[in-house]
Every structure is written in structure tokens, then in C-alpha cells.
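K.L.:
Curious how this folds, go ahead:
(2 chains)
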2 protein chains.
Amino acid sequence: VIRRLDEIVTAAKRSELCVMAVAVAQDDDVLTAVAAAAKEGIIRPILVGCKEKILEIASQINIDVSAFEIVDEPDKEKACMAAAGLVRDKKASLMMKGFVDTSYVMKAVLNKENNLKQSGMITHVAGMEVPGFDRLFYVTVSAMTIAPTLENKVAIINNAVRIGHVLGNECPKVAALCAVEKVNEKMPCTLDAKTLTEMNRRGEITGCVVSGPLAMDNAVSPAAAKHKGIDDPVAGNADVLLVPDIEAGNILNKSMEYFANAKKASVMVGARGPIVLTSRASSAESKTYSIALGALIASSERGRA
Amino acid sequence: VIRRLDEIVTAAKRSELCVMAVAVAQDDDVLTAVAAAAKEGIIRPILVGCKEKILEIASQINIDVSAFEIVDEPDKEKACMAAAGLVRDKKASLMMKGFVDTSYVMKAVLNKENNLKQSGMITHVAGMEVPGFDRLFYVTVSAMTIAPTLENKVAIINNAVRIGHVLGNECPKVAALCAVEKVNEKMPCTLDAKTLTEMNRRGEITGCVVSGPLAMDNAVSPAAAKHKGIDDPVAGNADVLLVPDIEAGNILNKSMEYFANAKKASVMVGARGPIVLTSRASSAESKTYSIALGALIASSERGRA
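P.N.:
Just a heads-up that it's a prediction; the model follows:
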């Protein structure tokens, strides 16, 4: 089982080299991260974007892109479509969002011609390494809806669980997080949490153990769970933290990063080919982790195909 | 300005001794915390509850309650009413929740006869000390509604700001947290955040600077705010973290405690007399902080009355 983000990098280096299509690559930050990951043998990039700007920026920041394939497409929307097309045509097995709004990337992925959409839903998973904990946490939300429905939550869980499996966790423990650990009709997410737990017990959500409603403390602290008298297979030992909505997800992720100094690897999954997301504010280390996580997932997809 | 929770204890010891009515005191955990705070000179308790059980538990855990006034009321609901009555009659200036559901305490506080309800709203404020930060964060939510309205949020801010003032922060910086820093009609909390900011600029919310929508990283990290190009008086320097709903609030609080090892002082304010909340799972230190924060707020109310 992979318990630290640097182990993801090691594993990605060991697996077969994946090709990553970078959508709108003309950005110093993106090119730096891509070149570093390529140098480490994590991926082989295809840079999609304005070739002139790519070469200009690369030269300014002293990055050698001469070995990289470049697809010249100055228009950002078309560049996203072209990057998605590379995945469709199996010329690339993952994508990375470059200097472009996430919405353009999503549009290209969801485009019918590109045919990358799968049965479930595209969701966002952040693999978080928190100092003092012996395992990774997977914080997960929908990448498409602000307030996911029960059905959406099933897809969100499935995607996060699959990443757990890729990282060697055979049966991830999923906590459906709420503000309380008791079902309360006035708090709709507690009803969803209960239903998700029941669906898991009935074999409708597989490959994991789901429990909820759980409050955050009961989910991650064995002592807090014991204090509350909660006897549950997930309580205190959760791997996957399913949050009720995008606000809670963003606040939790950022709180882990900025208050707890957690390290993060961040991907969108659910389409054919994972999509690597990095933000300018994230560290070089975190960008490498995200690319490596995307590459590992892509390798496993290729293995299954 | 008080920047650490132990400074609250020091300040509470220095101010005039407050009387604290403990609602349903028959609990080892509660009695331990109350006796410790009394010994430190933070408060003088009146124990309301089943006298027989209080004496029995105190003797079992070797705590001397002989110097404490006890109001014998075995019924939990009536004990809460009696404790609130002590505040109404100015025999106590703050309350502490003992071995009883918060809902009973709230019911007693909101009861018309007790007349403790003030114009605003009863809200929950957690003063959080996060390692590596030079100031306290005030995480705040409604104690009465799951999804606060705009009007509720004004009251929530006002209560948190008053606590900031009590602790010497003359103009707390309030971040209205959302998942993003741009107004998005599909995310109602971003609209509220914008309105709250405008109300503050127009002088309808005073004694503080409000900004929003802000994402968590932009709120607490000057580097993240700079990366995003956000030029704002609160960005990166927020004191008060206003969350959109109870789920985000609980998840944030618990994440700070369990992932970031934050220390916490927790009170409900907005009624006449603050209400100290401690949970069994919280440390002895945290319980003392909460009682001291309640006492300091009570002292300041007495000063104003």
C-alpha cells in the first residue's frame, strides 16, 4: 500500500512511460512542472498550444523543450479539444490542464466527438499526506456539480475507491462526512450518508467499506470515535473523506494544506484518461505528485484496457 | 491583542471573578474541568443538577466540591432552566453545558421567562490557535440554523467580532469563505459573501472589515492571495472565518484540531451570558480555555451593563 506521496512518484517511474497531453502549455509554471516530470521519467509530454509562445517561454526560463512533441494550436478552446483528441486516439493516456480555465478542459473531455466520457461522473480527488498520519487521505468531491445528489455521490465514491485500489489499498474505508454522526432529517447529507452506507452493505457500492454519517473527528481519530462510543469499521480509520458539497471540500482541502502543512496530489478522474490539475500556488513538489498520480492511474487503465 | 489561548486564561484570572452556572453538573468530566477552572481563579461555579450524583461522582474522582454552591435539580430540563434562571437573576454571568444535550440548554436560554435572548442570534464561535500562525482564528457558525440566511450571517459576524474586540483585536478581519473567490450565481454563498462585504463598506456591519467571497487559501495565506492577484484588506490576513453552513464549519473546526493540532476555545454567544461548551473528547487544556473565554466575555458584558 502506498502511504506517502513520494511513493507515488517512485511507482510512476517504475511503471511504463505514459504520454501526457498538456492542454494550453504556454505557461512558465506549467512548462517547468512538465519538464521536471519528463526529466524524472514520470511521463512523456505532448505540448498542445501556441508553439511560438511555448518556445519563447521555454527559452526565457531556460527549459529545453526540443525533445518534446508540440501540437501548434494557438486557440485555447481548440487546444483543449486537440489534447482530448490525443487521448481519444490513444496517442496520450492522460491530460494536464495548462494555462486555461478548467471549464474549457471539461468541455473538451465531455465533447461527444472525443468520446472520453464514461458511465459515471467526472470527480475531483485530492490525495493528501498529513504530517503525523500513517496513510493518505483521499478528499473527494464532484468536479461537475456544486451540491452532488445521492447518485453523484455513488460515482464520486467509486472514482476515489478506484484510486485507492491503484495505490494498493484493496478496500478503502470511506467516511461520508457530515456535521454530526446521527441521522437528522434537517441535514440532508446525513440521509444520503445513511443510504450510501446501506448501499455498500447491500453490495451496491463495492470494493470499499462506506460509513456515515460521520463527523470529521469520528472519521479520522480513533480516540474521538471511542469517546463518542462509535463502533464502526470506518470510524477513526477513514481513507476516503467524502464531503457533502464543494464548499466543505474546498475548505477541507485548503485547511489541510495551509493549517496542517499537508502535501497534495490532485487529479480529476471518471473520464477515459485522468486529468492532472495543478494550481500556480501549489509547490513544484505538489505538481510532480499530481502528474505522477495521473500517470499511475493512466497506467492502470491501460493495463485494464 | 490576545494572540494565544493561554493569554485568555491569564486575562480571565486577572479580571473580576465571574460566577458560572453549570447546567447538569453530574459528570466526572464536567466536574473535573469546573474544579480546575475554579482552582485557577477563572470562575466561581454554581453546580446545578442532581446533588446526590454530583457528590457521589466528586467523591469517586476525588474532587472537593464542598466550597461550591449546589442547586439540587435532578431533572435535566429543569436543571437547564434553573441555570438559565441564575443568569437571568444576575446570580451568574455565564453558563456551562454539563451532561446534557445542547438542545436543552438552548431551550432554556431561549425561554421567554428567562429572557436571555437578545436582538441578534445565538452563534457558535471557536477560537483556534494553529501552530505556525501568529494570531487566533475565530471559526464561526450559527448555533441555531443549519444553513444560515444572509440576516443570520450578519448576526454571526457581529457576535464573532465582539469576541475579537473583547480579546483586544479592535478591527477583526472577517473572511466570508466560499469554494471560490469570484461571485457565481450557482453558488449562493458567494452572493451572500458579496452582499456582506458591501454592507460592511456601507457601514451596516461595523467594527470589522468584511471581505468575500474568499476561498480558504486566499483568506489565510498572503502568498496564496498574492498568487491569485487578490488585493484586499482581509485576503491572507483573516481573523474571523465565516463558513457557509454547519457542515463546512464542523469539518473545518475538526480538521484544524485533528490535522493541524490546533487548540480550541469554544463558546456560544448572542444571549445574555455566554454559554461554555466543552466536549468529552476535548483536552483538559481546551476545556480550561473555553471556560476562560466565556468568563472574559462575561466580564466584558458586565462592564458594559
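K.L.:
Show me the shaky parts of the stretch 51-200 of chain A.
P.N.:
Within the stretch 51-200 of chain A, no range satisfies pLDDT under 70.
K.L.:
I'd like to know which residues of it are adjacent to chain B.
P.N.:
A:V130, A:G132, A:F133, A:I146, A:L177, A:C178, A:A179, A:V180, A:K186, A:M187, A:C189 (Cβ under 8 Å from any Cβ of the partner chain). Backbone N, C-alpha and C define where each C-beta goes, glycine included.
K.L.:
How about the stretch 201-305 of chain A?
P.N.:
Residues of the stretch 201-305 of chain A lying near chain B (Cβ under 8 Å from any Cβ): A:215-217, A:220-221, A:223-224, A:227-228, A:243-262, A:279-281.
K.L.:
PyMOL command for the buried members of the residues you listed?
P.N.:
Only the buried entries of these go into this PyMOL selection, using 16 or more other Cβ atoms under 10 Å in any protein chain shown:
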select buried, chain A and resi 215+216+217+220+221+224+227+228+243+244+245+246+247+248+249+250+251+252+253+254+255+256+257+258+259+260+262+279+281
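K.L.:
just checking, which of the residues of the stretch 201-305 of chain A next to chain B belong to helices?
P.N.:
Among these, the members found in helices (DSSP state H) are A:216-217, A:220, A:223-224, A:227, A:246-258.
K.L.:
Can you name the residue of the stretch 1-150 of chain A nearest to chain B?
P.N.:
For the stretch 1-150 of chain A and chain B, the shortest gap (Cβ to the nearest Cβ) falls at A:V130, measuring 5.1 Å.
K.L.:
I should have written the stretch 51-200 of chain A there, sorry.
P.N.:
Across the stretch 51-200 of chain A, the shortest distance to chain B (Cβ to the nearest Cβ) belongs to A:A179, at 3.9 Å.
K.L.:
so how far is A:H124 from the closest residue in space to that residue that isn't next to it in sequence?
P.N.:
Distances taken as Cβ to Cβ, 6 or more residues apart in numbering or on different chains put B:N250 closest to A:A179, at 3.9 Å, once the chain neighbours are dropped. From B:N250 across to A:H124, the span is 21 Å (Cβ to Cβ, to the nearest Å).
K.L.:
Same question for A:I297.
P.N.:
Distance from A:I297 to A:H124, by Cβ to Cβ: 13 Å.
K.L.:
And A:G98, by the same measure?
P.N.:
17 Å.
K.L.:
the more surrounded of the two?
P.N.:
Using other Cβ atoms under 10 Å in any protein chain shown as the criterion, A:G98 and A:H124 rank with A:G98 on top: 28 against 25.
K.L.:
And for the more buried one, nearest residue in space, chain neighbours not counted?
P.N.:
A:G98's closest residue in space is A:V24 (Cβ to Cβ, 6+ apart), at 3.9 Å.
K.L.:
for that neighbour, what are its contacts?
P.N.:
Neighbouring residues of A:V24 by Cβ atoms under 8 Å, 6 or more residues apart in numbering or on different chains: A:V30, A:V48, A:G49, A:K76, A:A79, A:C80, A:K97, A:G98, A:F99, A:V100, A:Y104.
K.L.:
For the nearest residue to A:D27 once chain neighbours are set aside, grab the count of nearby residues.
P.N.:
Spatially, and ignoring its direct neighbours in sequence, A:D27 is nearest to A:F99 (3.6 Å; Cβ to Cβ, 6+ apart). Counted by other Cβ under 10 Å, the residues lying close to A:F99 total 21.
K.L.:
which ones are touching A:F99?
P.N.:
Counting by Cβ under 8 Å, 6+ apart, A:F99 touches A:V24, A:A25, A:Q26, A:D27, A:D29, A:V30, A:G49, A:K76.
K.L.:
Looks to me like A:M128 is in a strand.
P.N.:
Yes. Counting by DSSP: H, G, I helix; E, B strand; the rest coil, A:M128 is found in a strand.
K.L.:
Bridging across strands, which residues link to it?
P.N.:
A:F137, A:K264 (DSSP bridges).
K.L.:
how close does the closest residue to chain B within the stretch 101-250 of chain A get to B:I43?
P.N.:
Relative to chain B, the nearest point of the stretch 101-250 of chain A is A:M216 (3.4 Å; Cβ to the nearest Cβ). For A:M216, the distance to B:I43 (Cβ to Cβ) stands at 30 Å.
K.L.:
What of A:V174?
P.N.:
Distance of A:V174 to B:I43, computed by Cβ to Cβ: 43 Å.
K.L.:
more crowded one of those two?
P.N.:
The residue with more neighbours, out of A:V174 and B:I43, is A:V174; 31 against 25, by other Cβ under 10 Å.
K.L.:
Direction included, what does the helix or strand that one falls within pair against?
P.N.:
Applying DSSP states H and E as the criterion places A:V174 in strand A:173-178. Applying DSSP bridges to the sheet, strand A:173-178 is found paired with strand A:209-215 (parallel), strand A:240-242 (parallel).
K.L.:
quick one: the helices in chain A?
P.N.:
Ranges of helices within chain A are A:5-14, A:28-39, A:51-60, A:76-88, A:102-110, A:150-166, A:188-201, A:216-220, A:222-227, A:246-258, A:284-304, based on DSSP H.
K.L.:
which stretch among those comes nearest B:V161?
P.N.:
Of all the helices of chain A, helix A:246-258 sits nearest to B:V161, with 20.5 Å by Cβ to Cβ.
K.L.:
name the helices or strands packed onto that closest one?
P.N.:
strand A:123-129, strand A:136-142, strand A:263-269, strand B:173-178, helix B:216-220, helix B:246-258 (3 or more Cβ pairs under 8 Å, 6 or more residues apart in numbering or on different chains; DSSP states H and E).
K.L.:
Output the ones you listed in TSV; the columns should cover distance to B:V109.
P.N.:
Output for the helices and strands packed on helix A:246-258, formatted as TSV (distance: least, Cβ to Cβ, whole Å):
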stretch	distance to B:V109
strand A:123-129	39
strand A:136-142	36
strand A:263-269	42
strand B:173-178	25
helix B:216-220	31
helix B:246-258	19
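K.L.:
And these: which comes nearest A:A292?
P.N.:
A:A292 lies closest to strand A:263-269 among the helices and strands packed on helix A:246-258, at 7.1 Å (Cβ to Cβ).
K.L.:
Tell me which of the helices of chain A sits nearest to B:G203.
P.N.:
Among the helices of chain A, helix A:246-258 comes nearest to B:G203, with 28.2 Å by Cβ to Cβ.
K.L.:
Kindly export the closest one (C-alpha atoms) in PDB.
P.N.:
C-alpha atoms of helix A:246-258 as PDB (Å, rounded to 0.1, in the frame of the first residue of the first chain):
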ATOM      1  CA  ILE A 246     -18.000  21.900  -3.000                       C
ATOM      2  CA  GLU A 247     -17.700  24.400  -0.200                       C
ATOM      3  CA  ALA A 248     -16.900  21.800   2.500                       C
ATOM      4  CA  GLY A 249     -14.500  20.100   0.100                       C
ATOM      5  CA  ASN A 250     -12.600  23.200  -0.800                       C
ATOM      6  CA  ILE A 251     -12.400  24.400   2.800                       C
ATOM      7  CA  LEU A 252     -11.200  21.000   4.000                       C
ATOM      8  CA  ASN A 253      -8.600  20.700   1.300                       C
ATOM      9  CA  LYS A 254      -7.200  24.100   1.900                       C
ATOM     10  CA  SER A 255      -7.300  23.700   5.600                       C
ATOM     11  CA  MET A 256      -5.200  20.600   5.300                       C
ATOM     12  CA  GLU A 257      -2.700  22.300   3.100                       C
ATOM     13  CA  TYR A 258      -2.400  25.700   4.900                       C
END
